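Participant: Give me a model of this one.
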Amino acid sequence: MLDALLSSATQPLTQAYEALSDTMPQALPVRGPEIGMVMLRGRIGGGGQPFNLGEATVTRATVRLESGEIGHAVLLGRDMNKARMVAHLDALAQRDDWRATVETRFVTPALEAEVEAQRRQTEEVEATRVDFFTMVRGED
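Facilitator: Presented below is the predicted three-dimensional model:
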């Protein structure tokens, strides 16, 4: 179930990436993709003493374009293909001839999807909101 949910979230990125893959400069792997773990730290109230909250799985990748730009990606989860794609896009975004394409085809749609998901979540929460009030009895 979780794998299906994660793959559906990555599907728009994969489709847009594959649509442009024939025209993109090739990326050579420098590191990874590799899967590892990081320790998440927290603070009570945002300003208290730090404590270890738990661990999270991350995937990292580094690639180099033939023209010398280096792209990095560190993502939550275990999706090695996504980490490779994001590192490649990071390197492409450093090139003047690809920056606008990366912005319009990848960054803007991802931001719009995030705003839409937040809107949907807000609507779902509002639909279940219960307003509590106190009725005053006339006996007092």
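
Participant: The residue positioned nearest the centre of the chain: which element?
Facilitator: In the chain, the residue lying closest to the centroid (CA atoms, centre = their mean) is Leu75, at 6.9 Å. Counting by DSSP states H and E, the element that carries Leu75 is strand 70-76.

Participant: contacting residues around that strand?
Facilitator: Taking CB atoms under 8 Å, 6 or more residues apart in numbering as the criterion, the residues outside strand 70-76 that touch it are 27, 30, 56-65, 82-84, 86-94. Yep, even glycine has a C-beta here, placed from its N, CA and C like the rest.

Participant: Which of those residues fall in strands?
Facilitator: Per DSSP state E, strands hold the following members of the contacts of strand 70-76: 27, 30, 56-65.

Participant: ChimeraX command to pick out the buried ones of those residues?
Facilitator: Listed next is the ChimeraX selection for buried residues among those, using 16 or more other CB atoms under 10 Å:
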select :27,58,59,60,61,62,63,64,65
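
Participant: can you list the ones in strands among the contacts of strand 70-76 in JSON lines and add distance to Arg105 and pLDDT?
Facilitator: Formatted as JSON lines, the ones in strands among the contacts of strand 70-76 follow (distance: CB to CB, whole Å; pLDDT from 0 to 100):
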{"residue": "Ala27", "distance to Arg105": "16", "pLDDT": "88"}
{"residue": "Val30", "distance to Arg105": "24", "pLDDT": "92"}
{"residue": "Ala56", "distance to Arg105": "28", "pLDDT": "94"}
{"residue": "Thr57", "distance to Arg105": "28", "pLDDT": "95"}
{"residue": "Val58", "distance to Arg105": "25", "pLDDT": "95"}
{"residue": "Thr59", "distance to Arg105": "22", "pLDDT": "95"}
{"residue": "Arg60", "distance to Arg105": "23", "pLDDT": "95"}
{"residue": "Ala61", "distance to Arg105": "20", "pLDDT": "96"}
{"residue": "Thr62", "distance to Arg105": "22", "pLDDT": "96"}
{"residue": "Val63", "distance to Arg105": "18", "pLDDT": "95"}
{"residue": "Arg64", "distance to Arg105": "22", "pLDDT": "95"}
{"residue": "Leu65", "distance to Arg105": "17", "pLDDT": "92"}
